[in-house]
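**Q** got a predicted structure plus its sequence, pasted below:
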Amino acid sequence: MRIAVFHNLPSGGAKRALYGYVDYLNQQNHTVDVFVPSTANEDFLPLKDISNSLKVFPVKKSLKGTLYSNLKYVPPLVKKISLRDLELTQKNIAETINSEDYHLVFSEQDQYTITPFFLKYIKHPTVYYCPQPPRNEAILENVEDNREINSLKRLIFNYSDNKDLKIDKENISFAENILTNSYFTRESILRVYGLNSLVSYLGIDTKIFQPLDIPEENFVLSVGSCRPSKGYDFIIRSIALIEPEIRPKLIIVSNFSLPEWKTYIENLAHQLGVELEIMDLIDDEKLVKLYNQAKLILYAPYMEPFGLVPLEAMGCGTPVIGVKEGGVRETIIHNITGIHCQRDEKLFAEATTKLLLNDSERKKMAENSIKTIEDYWTNKHAGERLIWHFNRVLDNL
């Protein structure tokens with residue numbers, strides 16, 4: 001099969017998932033050509049290493065594009081890019097692909113518009129992978145750092161958000177075949193867009209995320225960007241309820257940090273007597289070592305659509321305590337590979353304490369976690385699921 005892949009992703013979980021897909025397709029002798037605007041992150045897990053070719057299209061800044069974006073889209077001063085110039089670049093990418101003989105096109109999301117402009121212009125059969133629709137940030141209205149946002153910034157953010165929603169909804173109206181990462185996200189897509197989608201679960205690279213023969217250390221780990229939606233303040237408050245003599249250190253690994261939020265949670269941890277260390281932009285080798293050394297992984301993002309972190313932890317044989325929300329309910333098996341917990345600090349602290357004090361239970365969950373990953377959640381399983389959907393789309397032409 002000859003497949004064209006488009007993305008405009010930053011570093012992070014979505015790019016890691018796409019890397020796994022492209023790697024699998026390449027190993028199965030499919031010809032994969034990757035097309036990206038220059039705004040896409042190709043330093044993190046570069047696809048040129050595992051694809052037939054990668055072509056980068058420069059996003060050229062123009063006065064006309066800037067003026068157009070000011071009037072119809074979002075001002076470049078807010079987005080740090082002219083969306084009109086980005087759209088024209090993606091139109092050029094689509095026209096280039098349209099001129100070639102591809103069986104199918106696989107499109108990922110866009111870091112600036114959620115659903116990419118690309119879908120408006122592509123003519124080949126296309127599968128759009130939608131990891132999440134726009135998330136309702138109203139759930140974070142009471143988070144501390146948001147209280148400190150001044151009224152002018154709030155006005156600008158609201159204006160930008162409303163414009164983003166309109167662009168996203170227009171772009172996704174051109175998507176005919178939508179895949180997503182969980183049944184929770186499928187329901188969100190139906191609720192937000194009124195569109196059907198099918199679930200194609202992700203997987204992890206078990207050559208990277210695997211158990212190491214190293215001893216545990218007295219800390220718990222959480223992984224994800226350092227921002228309010230990841231729930232680190234909740235984790236810190238929960239740990240603070242654990243008796244001081246058994247209270248573990250918390251390590252947070254982040255690929256991106258909002259400076260104000262990072263300062264806030266550091267101060268919160270200090271005030272509550274929780275030892276905290278935040279590590280930014282570490283490599284996979286260090287991350288896997290931390291997964292293996294941690295006694296537990298604590299995971300509490302708000303309504304996380306899927307979340308690769310629990311799978312990565314399970315691949316390393318470390319139990320996960322996760323808030324029972326979003327896609328987390330579909331990966332952690334309660335009392336088998338970890339614990340589902342309500343978003344209640346006391347209950348979360350009790351669940352953490354219980355497992356910290358029970359070495360044999362953690363060991364049993366570790367063994368279950370490794371087997372669960374091997375049976376269902378590898379990149380091979382994810383790739384097979386994706387190919388099944390590709391064939392389904394082609395069969396329905």
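**A** Ah, there it is.

**Q** how near is the residue of the chain positioned farthest from its centre to Leu195?
**A** In the chain, the residue that sits farthest from the middle, by Cα atoms, centre = their mean, is Glu245; the gap is 35.1 Å. Glu245 sits 53 Å away from Leu195, going by Cβ to Cβ, to the nearest Å. Backbone N, C-alpha and C define where each C-beta goes, glycine included.

**Q** and if you look at Ala17?
**A** As for Ala17, its distance to Leu195 is 21 Å (criterion: Cβ to Cβ).

**Q** give me the more crowded residue out of those two.
**A** Ala17 (23 against 16; other Cβ atoms under 10 Å).

**Q** buried ones in the strand or helix carrying the more buried one, by neighbour count?
**A** Using DSSP states H and E, Ala17 sits in helix 13-27. Within helix 13-27, the residues that count as buried by 16 or more other Cβ atoms under 10 Å are 13-26.

**Q** show me what that helix is packed against.
**A** Applying 3 or more Cβ pairs under 8 Å, 6 or more residues apart in numbering; DSSP states H and E, one finds that helix 13-27 makes contact with strand 2-8, strand 31-37, strand 104-110, helix 379-395.

**Q** next, the angle from the longest one to strand 2-8.
**A** In terms of direction (axes from the mean of the first three to the mean of the last three Cα atoms, to 10 degrees), helix 379-395 departs from strand 2-8 by 110 degrees.

**Q** give the buried residues for helix 379-395.
**A** For helix 379-395, by 16+ other Cβ under 10 Å, it's 379, 381-383, 385-387, 389-390, 393.

**Q** which residues of the chain fall in helices?
**A** Applying DSSP state H to the chain gives helices spanning 13-27, 63-71, 76-79, 83-98, 144-147, 151-172, 183-193, 232-240, 259-272, 284-293, 309-315, 345-356, 359-376, 379-395.

**Q** any idea which of those helices gets closest to Gln109?
**A** helix 13-27 (6.5 Å; Cβ to Cβ).

**Q** average pLDDT for the closest one, rounded please.
**A** Mean pLDDT, helix 13-27: 96.

**Q** partner residues bridging the residue nearest to Leu290 when sequence neighbours are not counted?
**A** Computed as Cβ to Cβ, 6 or more residues apart in numbering, the closest residue to Leu290 that is not its neighbour in sequence is Leu221, at 5.6 Å. For Leu221, the beta-bridge partners under DSSP bridges are Ile251, Ile297.
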